[in-house]
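Engineer: Need the 3D shape of this:
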Amino acid sequence: MADDEAELPPDENVIAFPSGEGEADESAEDATPRSCPQELLVPALEACLFAVTRPLPEATLAAALGVPEDQVRVGLGLLRDRQLRTGSGVRVVEVGEGWQLRTEARLAPWVATVRGGKPFRLSRPALEALAVVAFRQPVSKGAVDEVRGVDSGAMLRSLLDRGLVRMVGRSDEPGRPMLYGTTPAFLTLFGMRSLADLPTLRDIRVLRDGGPSEDDP
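Structural biologist: So this is what the prediction gives:
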C-alpha cells in the first residue's frame, strides 16, 4: 500500500473512507481545518461531542471549529433546544469538565441492555459518605464519622479509588487530620456543572416529602 493510502488509526465513532482515484494530494497546510460555517455549527458540535467519550470544554470545541467561545455556547444551547423539541433520546449536558452527550435517564434500562457489563453502582454507605463530603467539604474523616455515626474509613478509601473524592489538605485541628473534597469526576458522574448545582435542604425536603413544606420560604 502506498504511503498516501496508509490506513488511519481506528476510532469507534469515526468512519474513514478511502480517497477516490484522481483526487489531488493535499498538503499539510491544505489539510488544516477551516473555520466552521455558521450553518454547520450545531451539527458540527454534535459530531465532535459524539466522537469522544469525555466531556469537552468550550475552549476545546472553539479551537477545533475555529470559532469564538461565545458562538460555541450559543450553538450548544441551540443543540439542546433541538434535542428537547424533537424528543431525542440523547441530551447535551454541561458537567464539571465541559460538555458531553448523554442518553436520557429514562432510557437507561434499554441502553444498559445493549451496552452490557455492570452499571456503575455505589452502595448506600458509600453514597452517605460521598454526600457528607460533597456538602461539607473540605471535611475530615472524623467529621464524616460523626455525621454517619460509624467509621467511614473503608468508604472514603473506596471513593478515593473510584476517583470521586480526593485529599485537599490538612485540618488545623490536633493531629492535623486529612481533609477530603470531591473531584471533577464527581460532577461529571452526577451531571453537575459545579457544586452550586447541589440540592439545597429545601430541595431535599421536597423530594422526601413529595411537596414543599409550609415552613419553607
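
Engineer: In contact with Val150, which residues?
Structural biologist: Pro125 (CB atoms under 8 Å, 6 or more residues apart in numbering). In this view, the C-beta of every residue, glycine as well, is placed from N, C-alpha and C.

Engineer: what's the answer for the one 10 residues further on, then?
Structural biologist: Contact partners of Leu160, counting by CB under 8 Å, 6+ apart, are 166-167.

Engineer: next SSE after the strand or helix carrying it?
Structural biologist: When elements are assigned from DSSP states H and E, Leu160 belongs to helix 153-161. Counting by DSSP H and E, the next helix or strand C-terminal to helix 153-161 is strand 165-170.

Engineer: Now tell me what touches that following strand from outside.
Structural biologist: 130, 133, 137-138, 156, 159-160, 176-183, 186.

Engineer: Tell me where the chain has strands.
Structural biologist: Counting by DSSP state E, the chain has strands at residues 90-95, 98-103, 139-140, 165-170, 178-182.

Engineer: out of the ones you listed, which comes closest to Val52?
Structural biologist: strand 98-103 (8.7 Å; CB to CB).

Engineer: what pLDDT, on average, does that closest one get?
Structural biologist: Over the span of strand 98-103, the pLDDT mean works out to 90.

Engineer: what about the protein, any weak spots by pLDDT?
Structural biologist: 1-33, 117-119, 201-217 (pLDDT under 70).

Engineer: And this protein, split by domain according to the record?
Structural biologist: 36-114, 124-209 (automatic domain parsing).

Engineer: Straight-line length of the first one, end to end?
Structural biologist: Spelled out, that is domain 36-114. Start-to-end span of domain 36-114 (CA to CA, to the nearest Å) is 34 Å.

Engineer: now do stretch 51-59
Structural biologist: First-to-last residue span, stretch 51-59, CA to CA: 17 Å.

Engineer: List the buried residues in that stretch.
Structural biologist: The neighbour-count check on stretch 51-59 (16 or more other CB atoms under 10 Å) flags 55-56, 58 as buried.

Engineer: Nearest to Ala108, out of those: which one, please.
Structural biologist: Pro55 (19.0 Å).

Engineer: Would you agree that closest one is in contact with Trp99?
Structural biologist: Yes: between Pro55 and Trp99 there is a contact under CB atoms under 8 Å: 6.1 Å.

Engineer: ok, now which ones touch the closest residue to Met155 other than its chain neighbours?
Structural biologist: Leaving aside its sequence neighbours, Met155 sits nearest to Ala129 (CB to CB, 6 or more residues apart in numbering; 3.9 Å). Applying CB under 8 Å, 6+ apart to Ala129 gives the contacts 144, 148, 152, 155-156, 159.

Engineer: measure Ala129 to Arg54 for me?
Structural biologist: Note on Ala129: its distance to Arg54, by CB to CB, to the nearest Å, is 26 Å.

Engineer: Show me the helices in the protein, by range?
Structural biologist: Taking DSSP state H as the criterion, the chain carries its helices at 41-51, 58-65, 69-86, 108-115, 124-136, 141-148, 153-161, 184-189, 201-209.

Engineer: and Val92, which of these is closest to it?
Structural biologist: helix 69-86 (5.1 Å).

Engineer: Just give me how far the closest one sits from the chain centre.
Structural biologist: Remark: helix 69-86 is offset 17 Å from the chain centroid, using CA atoms, centre = their mean, to the nearest Å.
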